[in-house]
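Novice: I need the structure of the sequence given here:
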Amino acid sequence: MANRDEPLDEAMVRLSEELGYSFADTGLLLDALTHRSFKNERPDIASTDNERLEFLGDAVVGLVVASLLYVQFPDADEGELTRRRADLVSERGLSEAAVAIGVGDAMRLGKGEQKSGGRTKPRLLASALEACVGAVYCDGGADAAFASARRIFEPRLHTSAPGHRDAKSRAQEWAQAHLGGTPSYRLVGTQGPDHEREFTVALELHDEQVATGTGRSKLEAEQAAALAALDEWSKGEREPG
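Specialist: Residues are numbered from 1 along each chain as shown. Prediction:
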């Protein structure tokens with residue numbers, strides 16, 4: 001287990017907020033973000049890695065995604081539901097969700113893994129995301145873990161359909177190919193009570209605001225802003241892909 005006296009850094013605190021969960025035992029979140037390369041280098045503060053929590057989180061994510069798809073697509077047959085689930089819980093799907101909520105910045109990696117770009121490796125991101133859900137399950141039980149997984153994946157049900165890339169990925173590819181930059185997202189406001197909170201996010205490029213979007217989570221608002229930016233950029237020019 002992680003050293004329970006070790007505080008969460010800023011990236012870990014932000015990630016906890018994105019998960020929509022406050023840990024009673026923050027060591028579980030540290031464990032979930034610990035790659036085995038970090039454990040091997042720093043056994044003094046990390047005696048375990050995130051692989052066991054990943055195993056648990058994988059089961060929770062699979063169940064939640066299947067349940068969401070069953071409700072959201074009442075006319076879909078088993079084959080379509082299976083394809084949609086496979087897309088969402090694939091390494092690519094999980095890693096894109098992980099990037100969207102800041103998992104990469106919060107991971108604990110060994111020096112070699114960090115230098116080799118570990119924070120952007122899809123496999124490491126996907127594993128850490130599942131481990132985070134597993135950590136929520138261990139700390140708060142099934143209801144808390146299911147709520148956290150729903151928060152992450154519900155906004156992706158329609159934007160990450162089989163064979164399609166989500167809006168943020170498409171916006172990034174468009175901006176890099178046509179405008180020589182990578183978009184960033186900034187929270188510009190929230191409104192409503194906690195149980196009906198609405199987030200507004202701005203997509204910015206080259207220090208200029210391109211578009212805004214709103215949603216029930218930061219991720220959903222970012223997806224909406226990305227779609228709005230794609231509409232703006234592709235006026236008079238066909239979007240690639």
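Novice: Lys168 - how many residues pack around it?
Specialist: Using other CB atoms under 10 Å, the number of residues around Lys168 comes to 24. Yep, even glycine has a C-beta here, placed from its N, CA and C like the rest.
Novice: And for the residue nearest to it when sequence neighbours are not counted, the neighbour number?
Specialist: When the adjacent residues along the chain are set aside, Lys168 lies closest to Ala226, with 4.6 Å between them (CB to CB, 6 or more residues apart in numbering). Around Ala226 sit 27 other residues, with neighbours defined as other CB under 10 Å.
Novice: longest helix anywhere in the chain?
Specialist: Looking across the chain with DSSP state H, the single longest helix is helix 51-72.
Novice: So what's the gap between that helix and the chain middle?
Specialist: Per CA atoms, centre = their mean, to the nearest Å, the displacement of helix 51-72 from the mean C-alpha position of its chain is 14 Å.
Novice: go on, stretch 116-126?
Specialist: In terms of CA atoms, centre = their mean, the gap separating the centre of stretch 116-126 from the centre of its chain is 13 Å.
Novice: What's the mean pLDDT across it?
Specialist: In this model, stretch 116-126 carries a mean pLDDT of 91.
Novice: Grab the CA positions of that stretch and hand them over as PDB.
Specialist: Coordinates of the C-alpha atoms in stretch 116-126 are reproduced here as PDB (Å, rounded to 0.1, in the frame of the first residue of the first chain):
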ATOM      1  CA  SER A 116      10.000   7.400 -22.600                       C
ATOM      2  CA  GLY A 117       6.600   9.200 -22.600                       C
ATOM      3  CA  GLY A 118       4.800   7.000 -20.200                       C
ATOM      4  CA  ARG A 119       2.200   9.700 -19.400                       C
ATOM      5  CA  THR A 120       0.900   9.500 -22.900                       C
ATOM      6  CA  LYS A 121       1.100   5.700 -23.400                       C
ATOM      7  CA  PRO A 122      -2.500   4.300 -24.100                       C
ATOM      8  CA  ARG A 123      -1.900   1.100 -22.100                       C
ATOM      9  CA  LEU A 124      -0.700   2.900 -19.000                       C
ATOM     10  CA  LEU A 125      -3.500   5.400 -19.200                       C
ATOM     11  CA  ALA A 126      -6.100   2.800 -19.700                       C
END
